[in-house]
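# pasting the sequence and the predicted model now:
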There are 2 protein chains.
Amino acid sequence: MEKPAISKPTLQRLPIYLNYLQSLPKSVKTTSAKQVALALGLNEVQVRKDLSVASPNGGKPKTGYEVEQLKEDLEEFLGYHHPKEAILIGVGKLGTALLSFTGFQQLGMKIFCAFDNDPEKIGKEINHIPIASVHEMKKICLERQIHIGILTTRPEPAQELCNWMLESGILAIWNFSTALLNVPENIIVHNENLAVSLAMISHQLDEQQKKESAV
Amino acid sequence: MEKPAISKPTLQRLPIYLNYLQSLPKSVKTTSAKQVALALGLNEVQVRKDLSVASPNGGKPKTGYEVEQLKEDLEEFLGYHHPKEAILIGVGKLGTALLSFTGFQQLGMKIFCAFDNDPEKIGKEINHIPIASVHEMKKICLERQIHIGILTTRPEPAQELCNWMLESGILAIWNFSTALLNVPENIIVHNENLAVSLAMISHQLDEQQKKESAV
DNA sequence: TAGATTGTTAATCGATTAACAATC
DNA sequence: TAGATTGTTAATCGATTAACAATC
């Protein structure tokens, strides 16, 4: 009855598998866990286990997985066929870049509307997405039952805008600002943290260079 | 003799601790693992263990950690006091947003030069960072011994530019493109993957809503 | 059939959490 | 001193990997 809860690491790898499958030439009709693992630097068994979670069709002994079918299964599992609507707050450089990115639709998300407080920007649109005043946020979100908010502002106004989002019925915040947001525990905050990425890269680089110089 | 290798999860949390400490009002002189854990939704022991890795000074029983000292220790550990130079390739919307971001210096990275193939852009600068032709990349990188490359192009030219980067002595690639890069195993690739973030958010949101409706 | 490949059960590994001794 | 808090050792938990049976 209960769908077995998918683990976080597995969930994170699914879009990566899909991306790999999409990168294959059309002539490739099937693939195997071994091939996928090799291409992505993962363990073969891990790939099989992950895929078995997301693909009800699975693979076949000897032949492996049908690429088209597997892509379909992963897309379905990840909800790409039923895009969720989102709003974006803060039409600065980063906000503009995200609004201009045409790939979200294929990733199961559609930015319905953007908000800013700059009269110069309000009323315009980017990539067919209208920019409205932040004061209209509540009305629009409640009306369309939008639950995802993308925050791309400076850190200073972030918390206040976050609070407005919560009043507007937003349940999940994709936070590109550097601010640490305070929210009730039923609200999801996903921090897109450049500092974390940089720390990883910088540390790995140091390790690598230590290794090289040791040779 | 050997510094004990820091675990990946710990390394990822260090910048988050630092960010929290920086968000504290100046009047707060000390803090405790308990407070930090509460603020960030983590386990208290985990915080202490993490901090003990990065802070040689540690905390004191009863009083906890000195905020200024701990910030200093974390910054030092994360290499923020000795910024590494990087290049950026692809001055589109996202590239421009990253070039305009003034916070990298504080995070231990300095973008030395950007590259593009659009004659309109070459010769200009953004945020005092010059934009040069991709054909100058090799010369500039080798001269200044730059080892980090930030890739913000469309997926189509990504692999070729990646290869050029490797010829230019780049050892770590921060990949914002959606392309899957093929590199030798001693080269570090860190994929900044919006699809992964979206999958997490979307799935958590579904879970949350399932939970709510079950009440 | 034999061999390749899947999917699953068992073993290992590593990270988190609990328990506790040390100390300011 | 008593109590709060640190740092560490031990126990638990969860994810990865290895072993293996099933099957096309």
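Good, I have the coordinates. Numbering: from 1, shown residues only, chains lettered A, B, ... in the order given.
# how about the longest helix along chain A and DNA strand C, any contact?
Longest helix in chain A by number of residues (criterion: DSSP state H): helix A:194-214. No. Helix A:194-214 lies out of reach of DNA strand C by CB under 7 Å from any atom of the strand, never closer than 13.2 Å. (C-beta placed from N, C-alpha, C; glycine too.)
# for that helix, which outside residues touch it?
For helix A:194-214, the surrounding residues in contact (CB atoms under 8 Å, 6 or more residues apart in numbering or on different chains) are A:178, B:6, B:8, B:11-12, B:14-16, B:18-19, B:78-79, B:84, B:101, B:103-104, B:107-109, B:147-148, B:171-172, B:174, B:186, B:188, B:190, B:192.
# is there proximity between the longest strand anywhere in chain A and chain B?
Determined from DSSP state E, the single longest strand within chain A is strand A:109-116. Yes. Judged by CB under 8 Å from any CB of the partner chain, strand A:109-116 comes into contact with chain B at residue A:109.
# what does that strand rub up against?
Under the contact criterion CB under 8 Å, 6+ apart, strand A:109-116 has outside partners A:83-91, A:95, A:98-99, A:104, A:122, A:126, A:129-134, A:136-137, A:140, A:144, A:146, A:148, A:150, B:198, B:202.
# residues from chain A in reach of DNA strand D?
Residues of chain A lying close to DNA strand D (CB under 7 Å from any atom of the strand) are A:7-10, A:42-43, A:45-46, A:49, A:60-63.
# list the buried residues in stretch A:105-113.
Buried residues in stretch A:105-113, defined by neighbour count with 16 or more other CB atoms under 10 Å in any protein chain shown: A:107-109, A:111-113.
# up against DNA strand C, what does chain A have?
Going by CB under 7 Å from any atom of the strand, the residues of chain A near DNA strand C are A:32-34, A:44-45, A:48-49, A:51-52, A:58-65.
# now the lowest-mean-pLDDT helix or strand in chain A: how far from the chain's centre is it?
Least confident element among the helices and strands of chain A, by mean pLDDT, DSSP states H and E: helix A:194-214 (a mean of 91). Here helix A:194-214 is found 25 Å from its chain centre; the criterion is CA atoms, centre = their mean, to the nearest Å.
# got the angle for it vs strand B:109-116?
90 degrees (axes from the mean of the first three to the mean of the last three CA atoms, to 10 degrees).
# returning to what we had before: out of the residues of chain A next to DNA strand D, who's nearest DNA strand C?
Nearest to DNA strand C, judged by CB to the nearest atom of the strand, of the residues of chain A next to DNA strand D is residue A:61 at 3.2 Å.
# count the residues that sit near that closest one.
As a burial measure, residue A:61 scores 5 neighbours (other CB atoms under 10 Å in any protein chain shown).
# let me see the ranges of the helices in chain A.
Under the criterion DSSP H, chain A contains helices at A:8-23, A:33-40, A:44-54, A:67-77, A:93-100, A:137-144, A:158-167, A:194-214.
# could you export the third one as CSV, CA atoms only?
In other words, helix A:44-54. Extracted C-alpha coordinates of helix A:44-54, given in CSV (Å, rounded to 0.1, in the frame of the first residue of the first chain):
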residue,chain,number,x,y,z
GLU,A,44,26.5,-0.4,-11.2
VAL,A,45,24.3,-1.9,-8.5
GLN,A,46,23.4,1.6,-7.3
VAL,A,47,22.2,2.5,-10.7
ARG,A,48,20.1,-0.6,-10.9
LYS,A,49,18.6,0.1,-7.5
ASP,A,50,17.9,3.7,-8.3
LEU,A,51,16.2,2.9,-11.6
SER,A,52,14.1,0.1,-10.1
VAL,A,53,12.6,2.8,-7.8
ALA,A,54,11.6,5.1,-10.7
